[in-house]
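Mind folding the following:
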Amino acid sequence: MTAPNRRTYQELLSNEPAWPALEAIARASGRVVVLPREAPAAEACLERLQVTTRSALGALAYETGGLLVDAGWLRLFGAGSARLTRALGAWNDALGIDVADLLVFGDDVVGGLFAINGGALGPARGSVFYFAPDTLAWEDLGRGHGAFVEWAMTGDLAMFYKHLRWPGWEQECAALTADQALSLYPPPWSQEGKDVARVSRRPVSALELWQAQLEMARQLGEASK
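Numbering: from 1, shown residues only. The predicted structure is shown next:
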């Protein structure tokens, strides 16, 4: 039985879906891999989020298994797939974060996290925040999810990540699964780890890296409450 006041996925399907426009941008960008979806997972994901497919969030949840951007450096979640098992909403559970407070919708290979603020990070509700591995703090990117997704597919990622990339990062990304990340040592938040080209890097699960960073952020008192 459907819970009261919760819409079924059929009720969340819009007559003006966002996906056709997003798919065209993804195809034109030349740096986006759209992962295939499984229909039951997509339907469940959309119902869990309770957003319509008119939004970019609903479009990714219902139409994709996720997106791999820029050689897999950036991963945007969808309904989950064999290559990117982390799904919208379900990944929040693994992180121990309430979806209503902060919806995590993507990450990068060096442990950065992207999330929609639902109130946990202050009054800028609906704004995309980035948990930066070089500061261990949430940063307001000043745009909503839809605008962010378009920027991720077409914007200047090289400039955004200029302090977190090193020569040959593309090959290291290619060797990872989309559920892995690279643990840098010394870490980029430390003085010794600022030059990421000179640190050691090893593949770990994305969850393991996030948990380690969150614990360090708590210890340093830099994580937003």
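
Quick one: low-confidence residue ranges for the protein.
Scanning the chain for pLDDT under 70 picks out 1-4, 222-225.

need the strands for it, in chain order.
Here the chain has its strands, by DSSP state E, at 32-35, 66-69, 74-77, 102-108, 113-117, 128-132, 137-140, 180-185, 200-205.

Other residues contacting the third one?
In other words, strand 74-77. Strand 74-77 has contacts (CB atoms under 8 Å, 6 or more residues apart in numbering) with 60, 66-69, 84, 86-88, 91, 104-108, 114, 149, 152, 157, 178. C-beta coordinates here come from the backbone N, C-alpha and C atoms, glycine included.

What of stretch 161-179?
Under CB under 8 Å, 6+ apart, the answer for stretch 161-179 is 66, 68, 71-73, 75, 83-86, 108-110, 112, 133-134, 158, 182, 188, 194, 196-197, 201, 203, 205-206.

If any of those are buried, put those into a ChimeraX selection.
This is how ChimeraX selects the buried members of those, with burial counted by 16 or more other CB atoms under 10 Å:
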select :66,68,72,73,75,83,84,86,108,109,110,112,133,134,182,188,196,201,206
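
Leaving out sequence neighbours, find the closest residue to Leu220.
Nearest residue to Leu220, sequence neighbours excluded (CB to CB, 6 or more residues apart in numbering): Leu136, at 6.3 Å.

pretty sure that neighbour is in contact with Gln219, am I right?
No. Contact between Leu136 and Gln219 fails when scored by CB atoms under 8 Å: they sit 9.4 Å apart.

Of all the helix elements in this protein, which one is longest?
Ranked by residue count under DSSP state H, the longest helix found in the chain is helix 206-220.

Just the buried positions in that helix, please.
If you call a residue buried by 16+ other CB under 10 Å, then helix 206-220 has these buried ones: Ala206, Leu209, Trp210, Gln213, Leu214, Ala217.

Output the contacting helices and strands for that helix.
Under the contact definition 3 or more CB pairs under 8 Å, 6 or more residues apart in numbering; DSSP states H and E, helix 206-220 sits against helix 90-95, strand 180-185.

The same query, at a cut-off of 7 Å, please.
Helices and strands touching helix 206-220, by 3 or more CB pairs under 7 Å, 6 or more residues apart in numbering; DSSP states H and E, are strand 180-185.
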